[in-house]
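Asker: Using only what follows, build the 3D model:
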Amino acid sequence: MVGLLVLAVAAMAAGQAGLLQGKVPTDLGVHQGKLKSPSATANSVSSQASLYPDHPQRGYADVAPLALRGDGPATIARLQRLVAAMPGAHIVESTPDYLYVQYTTSIMKFVDDVEFWFDPKAQTIQVRSASRVGESDLGVNRKRVEAVRQALADQS
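Answerer: The predicted structure follows:
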């Protein structure tokens, strides 16, 4: 019992010290009409998972794209306002067709990278949300995307 308590305190201390943030990805953004592929482990979701047919987490990672609310730039602007109000959100990059947000958990300081991209060809918002560390996110990225989807729908 004492061992578990020591482990929990050590993990929290590591988180507070920033040791669990992981490395900032250098390959985010839109490349040849695609966001980065989902993670190789069950800690990400992507509306473009089907574009990576041999991906080991394709079934787990699938999530629907977000519907437009107005045109693409208007929807990205709405998303920016929505996510800016979410706990732990930090907007890193925002253009009329792309939004990159980092979410940091309050206690352990884990960081998730979330991208929204207006796909003009599909007339939808493609989304990718991924944890930087670990092999499982316990469904956090999917829940976040669905919460954003619901908040966006509620605005209309």
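Asker: nearest spatial neighbour of Arg144, skipping sequence neighbours?
Answerer: Ser129 (5.8 Å; C-beta to C-beta, 6 or more residues apart in numbering). (C-beta placed from N, C-alpha, C; glycine too.)
Asker: The one you found is in what secondary structure piece?
Answerer: Using DSSP states H and E, Ser129 sits in strand 124-131.
Asker: After that strand, which helix or strand is next?
Answerer: Counting by DSSP H and E, the next helix or strand C-terminal to strand 124-131 is helix 140-155.
Asker: can you pull the contacts of the residue nearest the centre of the chain?
Answerer: Centroid-nearest residue in the chain, with C-alpha atoms, centre = their mean: Ser129, separated by 2.2 Å. Contact analysis of Ser129 by C-beta atoms under 8 Å, 6 or more residues apart in numbering lists 44-46, 63, 112-115, 141-142, 144-145.
Asker: for Leu68, same thing?
Answerer: Here Leu68 is in contact with 74-75, 118, 123-125 (C-beta under 8 Å, 6+ apart).
Asker: hang on, it in a strand?
Answerer: No. Leu68 is assigned coil when assessed by DSSP: H, G, I helix; E, B strand; the rest coil, not a strand.
Asker: Quickly note the distance from it to Gln48.
Answerer: Distance of Leu68 to Gln48, given as C-beta to C-beta, to the nearest Å: 16 Å.
Asker: same deal with Arg149?
Answerer: According to C-beta to C-beta, Arg149 and Gln48 sit 16 Å apart.
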